[in-house]
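J.: Provide a 3D model corresponding to the input given below.
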Amino acid sequence: MTENATGRTAKPSIYDVARLAGVSHQTVSRVLNGHPNIRESTRARVEAAMAEIRYTPNSIARALATRRTRRIGVLVDRPEQYGPGSTLRGIEEAARAAGYTVSASTVADAPDLGTDAGVAHLRMQGVDALCVIAPRYSTIADLTRAAHDLPTLLVTAEPADGVLTVAVDQYAGAARAVDHLLSLGHRDILHLGGPLDWVDARVRSRAWSDRLAAAGLPARPPVIGDWTSDFGYEVGRRPGALGQATAVFAANDQMALGLLHGLHERGLRVPDDVSVIGFDDLPDARHLLPPLSTVRQDFHALGALSLTSLIASLDRPVASSMIEPELVVRASTGPRASA
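T.: Residues are numbered from 1 along each chain as shown. Below is the predicted model of the structure:
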């Protein structure tokens, strides 16, 4: 700390950092702005000096110098659902680590919470770029109009023309779930699908039908749900809902949880009578009775990839990418019972 003309302790400046680190103030500025042509030893010395005197960069001055606010706007469709909400948390954590701030806006069906209103709200905050967690086709369609001139990244399982996208590979995850059931001898596998307007739901359903077709097996029409445990419960407790199926691939863990409850009420044993596998790997999935086989999505990694890809895209073209999911086998799936 230094003292100003009034004798009060002044906030450390970039010049104080430069003196302590033994470099010019221009070098400190380059370190602050992430300039690539800085030796690592110099960068480390400057960062150590900033930490020692508790220097905090002036974000307004830096924005004027770089014409960037280091603020990312995140438009979140359906944040109450586990996937979108978890992805947002991953983005926020990665942004803090990268020295960025996040402004988030929610998209819902209410007129004042639509895509246009959300993008306008984020524009007013001077965001450098926009990350859209867009699980629904309708949101993606609206976004094309609302954010056409703003650097944008979509978190979605289906690539969009001319837009940078990142995602967990939903098709690969669903295929692994179905292949797991097939490897256990199941030949009649019911799919409890998600809402048809959700990209992930359609991709998972397509993988289910493709894997059955590849195995030479027919696919009965999927049962379309709403992602909730209550829906899965109603399916599980309704006589005849499963037909002759010996296994169920639920499009998310919440519906799988309800399904387990409903099957238990009917006196059906999992996995002895029916095998059940979900998707997401909710934090409590391993504590269900029985512990749920599922497909794990690494939302922390997805959020980090979204943030780093979007920041990089401000300076150079960046390719769309996907994260591999992980099959997690627990006690809710087992071999098909002998006829």
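J.: helix or strand: which one has Thr106?
T.: Element membership for Thr106 (DSSP states H and E) is strand 101-107.
J.: for this protein, give me the ranges with low pLDDT.
T.: Filtered on pLDDT under 70, the chain yields the residue ranges 1-10, 33-36, 57-68, 109-113, 144-148, 338-339.
J.: grab the most central residue of the protein for me.
T.: Centroid-nearest residue in the chain, with CA atoms, centre = their mean: Thr87, separated by 3.2 Å.
J.: now for it: which residues touch it?
T.: Applying CB atoms under 8 Å, 6 or more residues apart in numbering, we find Thr87 in contact with Ile133, Val155, Phe299, Leu302, Gly303, Ser306. All C-beta atoms are positioned from the backbone trio N, CA, C, and that covers glycine.
J.: ok, now Ala247?
T.: Counting by CB under 8 Å, 6+ apart, Ala247 has contacts Leu181, Leu184, His186, Asp188, Ile189, Leu190, Val274, Ser275, Val276, Ile277, Thr333, Arg336.
J.: if we go to 10 Å?
T.: When contacts are counted by CB atoms under 10 Å, 6 or more residues apart in numbering, Ala247 touches 177-178, 180-182, 184-191, 271, 274-277, 332-334, 336.
J.: nearest to Ala117 among the contacts of Thr87?
T.: Taking CB to CB as the measure, Ala117 lies nearest Ile133 of the contacts of Thr87, at 16.3 Å.
J.: ok, that closest one - contacts?
T.: 74-79, 81, 83-88, 91, 104, 107, 139, 153-156, 302-303, 306.
J.: now the helices for the protein?
T.: 14-21, 25-32, 40-53, 59-66, 82-98, 115-124, 137-146, 170-183, 199-214, 229-237, 253-265, 299-313 (DSSP state H).
J.: can you tell me which of the ones you listed is most buried?
T.: helix 253-265 (a mean of 23; mean count of other CB atoms under 10 Å).
J.: that one vs helix 82-98, what angle?
T.: Angle of helix 253-265 versus helix 82-98, following axes from the mean of the first three to the mean of the last three CA atoms, to 10 degrees, is 140 degrees.
J.: helix 253-265 - contacts with which helices or strands?
T.: In this structure, helix 253-265 packs against strand 189-193, helix 229-237, strand 247-250, strand 275-277, strand 294-296, with contacts taken as 3 or more CB pairs under 10 Å, 6 or more residues apart in numbering; DSSP states H and E.
J.: the same query, at a cut-off of 6 Å, please.
T.: Packing partners of helix 253-265 (3 or more CB pairs under 6 Å, 6 or more residues apart in numbering; DSSP states H and E): helix 229-237.
J.: the helix it packs on relative to strand 189-193, how many degrees between them?
T.: 150 degrees.
J.: which residues does helix 229-237 contact?
T.: 223, 225, 241, 254-255, 257-259, 261-263, 265-266 (CB atoms under 6 Å, 6 or more residues apart in numbering).
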